[in-house]
Structure formats: C-alpha cells, structure tokens
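**Q** I would like to see how this sequence folds:
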Amino acid sequence: MNVRSNTLRLTILAFVGALGLLAAASTAPAQRDADRTRDAARPQQERDAVVVLVGGQRVRGVLVSDTPEEVIIRVGAIETKIKRAEIERVVIQRPIRERYAAMRAVIDDEDVDRLLQLVSWLRLNGLYSDARNELDHILEVEPSNGEAIRQSALLDQQIALRAKEQDRDLSTRQPTEKTSQDVNRPKPGDFPLLSDEQVNLIKVYEINLDDPPRLIINRKTVEQMFKTYAGDSLIPSTREGRAMFHRREPVEILETMFKLRARELYPEVHVLSLSDSLKSFRDEVNKTWLVNRCATTRCHGGEQAGKLFLYNRSPTAERSALTNLIILEKFSLGPDRPLIDYANPAHSPLLQMGLARHESVMPHPDVKGWRPVFRSVEDRRYQQAVEWIRSMHRPRPEYPIEYDPPQPSASGAKNKNTEPDQPRGDR
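**A** Next comes the predicted model:
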C-alpha cells in the first residue's frame, strides 16, 4: 500500500470515528449497537482507545493489539493496522460505565439541557437502560419537554433494532468444527451463567462501605425509597432535607438503604466495579487455580464432573467468575458441611481438598489423574484463598437469586427448581 492510499485510509477511519461520537444514533448504527452488547466477551487486551496520528487526526475504536511495530484498531466491524511510525500516541479510554459515572456526577439533577446531551451519549454508546432512567427523570422534571419525548421515541426504536439484530445473529450463526476437548467442555449456551442483573445484585451485597467500588443510584430510586419508607427517622421529612439527601454521595445513600433493609431497591443500585473481596476471588482463586486445576475437562469442568460442575471459560469475566462463586456457595458435602467454611476459612473443604492427601484433614477422593493444587498450607495461593474467604461480607447474606447449579449429563442428575431463600445477615 503506497503512502497516499494509506493516508486516505486513515483519514476515512478518523472520519468514521468522529461520526461515531457526533452523530445521533438512530437506525444506522444497529450493528454497532449489537456489537456493544458483546463488550463483556471481548478479550481482556481489547479496550476502547483513541489513536492520535502524527498529523493530528484521531481514530476512535477498540484497541485490538498494540505492539512496537503496529497498532490494530477496530472501528465498527472493520479492523485496520496502523504502523507505529504514523502514530503520535495511543490513549486508552476508561471503561464506558466509569465515564458515564464521571459525567453524571458533575451534572445537576435539574440541568435538563446537559442531561439530554448525556442521554444522547448513552444511546450512542449502547447504555440503553441508563438512558431510559435519565429520560424518566428528565420527564419528571419537565413532563412536556419535546426533546426528551423525541429521544424517548428514538430509544424505543434502538432497543427494538438491537433485539432484531441479536435474533438475526442467532439465526445465521453457523456451527464450527469441534475439537476432541471441546466435545466435553461446557459451551457458553449450554452452561447457565448468572445474568448481568444477578451479578450486579451480588456486587451490591458484597460492598464494603468503608472502601466502596464506583456505583450509581438514580434519582428515581431515591424517590422510591422516600415514598416506601416515609415516616422512618432515616428519611428526611422536609423538601429541603430531601434535596440535601439527593446530593449525598451514592455510598451514603446505599448505607441508608442497608439500614432500612430496602432489599427491593438493591437491584436499582448500579455497581460499576467489583469489591475487593469479589476481585480477590476472581483474580486469586477463579483465574489462578479453580479454573486451571479444578475445572478442567477431566475434572469438575467436563462430563465426568460429578455433582460439582464448574464453568471453565473466560475466568476473568464477571459473569463467569461469580457463577462459579455461586456454585461453590451452594455446594455442600452433606448436612452442615458447606464447601466454604466462613467460620474457619483454613478448614474449608474447598481448600483442604486441594492439599496433598497426607497434609489434609479432608483429603480429596482418590481419582485417577488428580494432583494437589497447593504444596502445603503455607503455599501462597492457599493463603490468598484463606484471605479471600475472610474478606467476604459477614454475616453472610443469602443472595436472593434463583440459580440451579448445572449437572453434567453423564451424572444422570436433574436440576431441581427451588425458590430463593430470604436474605439473611445484616443486608
């Protein structure tokens, strides 16, 4: 490719990237919106980024790879290589929901014009649920606002387009050639994962109020709390008091929710990152040894898994990791014998069965091919797992989540549909 054609290509890409930021999202970006729904499935190295070219042009898209020789960036469905010599710098963007939280934090609840600009940005970036929440608030402030009504109609169209696009993707997807390992490996569509809403609810229950993750609580949710718990001493009774309450930090509002036991409102709290305890499970347990050693296709991740069947794909994805956490929490070896012992973490069967049999107070069954996960109780990974268990919220809550852990077909067991228990503990 000669210099002129390459320059033209980059100019077109920069123009496409700019349109992605400036154009109102209507019927044209249906494919782009559908792509955004798959953000959670991106490889870990892929991040939203801006590539600033030597001439000052900017290309915005998904950073696929970044090497000393070249950068590969995807704009829409098009991947292109840009030589390092043509690039001034690459700017990694913060995750989309963090950018939303930062923008929303500096906009007053009564500033309808700026809120409408934010709604356009949310729609453009596929955050439809948040756009709907913001529009509902705007229409409460100004019920006859024409722009809000127009954007609400556009949002309905986009949601319908996304649904059609996803249906089309499913109907046109072709089966791929299977390897011998894949035959026994649980497929994403076969293994039931927690939904995004269930993952968010777990994140709410595990929040450490002294060191909270980023979170968003919409004005509508706070107003519902005022209405439901009117008369409680924690709820301000005057208009001025409620206005001041709205200006509180989200974690302060959440603390009031916890004190009120307003569990019906917990799903309305949007948690943008994992608590330290959940992050510890994902990074120091699930990714490090649970998936790689326990959930292999020959053990608890294949058709011979027995009763404990774990998910062995995408170990750092929130849905994958927290699905395995729920499975571990629900599993027991018998009456009053949970797999995780929160009262005495070091004696948890989950950890003891990872030790060599002569070192364990609860040895792993004698299974062909089994090897210890930990060298001893002094093993760094063992100690990290003990610290993870200790870091989880106490007293332990019972997540109000309906989830039946799967059984591999070889086990012959059938899932039982059970009603969720009422949450226990202090939340």
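
**Q** Can you give the domain ranges for the chain?
**A** Using automatic domain parsing, the domain parsing of the chain gives 3-93, 98-165, 214-271, 276-411.

**Q** Between those domains, which one is closest to residue 194.
**A** Taking C-beta to C-beta as the measure, these were each checked against residue 194, and domain 276-411 came out nearest at 4.9 Å. From N, CA and C alone the C-beta is placed, and that goes for glycine too.

**Q** tell me the mean pLDDT over the closest one?
**A** Across domain 276-411, the average pLDDT comes to 87.

**Q** Please name the residues that touch the residue nearest to residue 133 when sequence neighbours are not counted.
**A** Here the nearest residue to residue 133 in space, its sequence neighbours aside, is residue 218; by C-beta to C-beta, 6 or more residues apart in numbering that works out to 4.7 Å. Applying C-beta atoms under 8 Å, 6 or more residues apart in numbering, one finds that residue 218 lies in contact with 133-134, 137, 268, 270.

**Q** Minimum pLDDT in those residues, which residue is that?
**A** When those are compared on pLDDT, residue 133 comes out least confident, at 81.

**Q** What is the burial count for it?
**A** Counted by other C-beta atoms under 10 Å, the residues lying close to residue 133 total 20.

**Q** so where does it fall, helix or strand?
**A** Element membership for residue 133 (DSSP states H and E) is helix 128-141.

**Q** what helices or strands is that helix leaning on?
**A** For helix 128-141, the contact count by 3 or more C-beta pairs under 8 Å, 6 or more residues apart in numbering; DSSP states H and E identifies helix 112-124, helix 146-172, helix 219-228 as packing neighbours.

**Q** Just the CA trace of the first one, in CSV.
**A** Meaning helix 112-124. The C-alpha trace of helix 112-124 is given here as CSV (Å, rounded to 0.1, in the frame of the first residue of the first chain):
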residue,chain,number,x,y,z
VAL,A,112,-32.2,19.3,31.7
ASP,A,113,-30.1,20.5,28.8
ARG,A,114,-26.9,18.8,29.9
LEU,A,115,-28.9,15.7,30.9
LEU,A,116,-30.3,15.5,27.4
GLN,A,117,-26.8,15.7,26.0
LEU,A,118,-25.8,12.8,28.3
VAL,A,119,-28.8,10.8,27.1
SER,A,120,-27.6,11.2,23.5
TRP,A,121,-24.2,9.9,24.6
LEU,A,122,-25.7,7.0,26.4
ARG,A,123,-27.8,6.0,23.4
LEU,A,124,-24.8,6.3,21.1
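
**Q** Now for the spatially closest residue to residue 371 that is not a sequence neighbour: which residues touch it?
**A** In space, residue 371 comes closest to residue 293 once its chain neighbours are excluded; the distance is 7.8 Å by C-beta to C-beta, 6+ apart. Residues counted as contacts of residue 293 (C-beta under 8 Å, 6+ apart) are 299, 354, 371, 373.

**Q** And the furthest pair within those residues?
**A** Across those (C-beta to C-beta), the longest gap, 11.6 Å, separates 299 and 354.

**Q** Spell out the residue ranges of the strands in the stretch 301-427 of the chain.
**A** The residue ranges that make up strands in the stretch 301-427 of the chain, judged by DSSP state E, counting those that start in this stretch, are empty, as it has none.

**Q** Residue 81 and residue 69, how far apart?
**A** When C-beta to C-beta, to the nearest Å is applied, the distance between residue 81 and residue 69 equals 9 Å.

**Q** the more surrounded of the two?
**A** More neighbours sit around residue 81 than around the other of residue 81 and residue 69, counting by other C-beta under 10 Å; the figures are 13 against 8.

**Q** separation between the more buried one and residue 53?
**A** Taken as C-beta to C-beta, the span from residue 81 to residue 53 is 13 Å.
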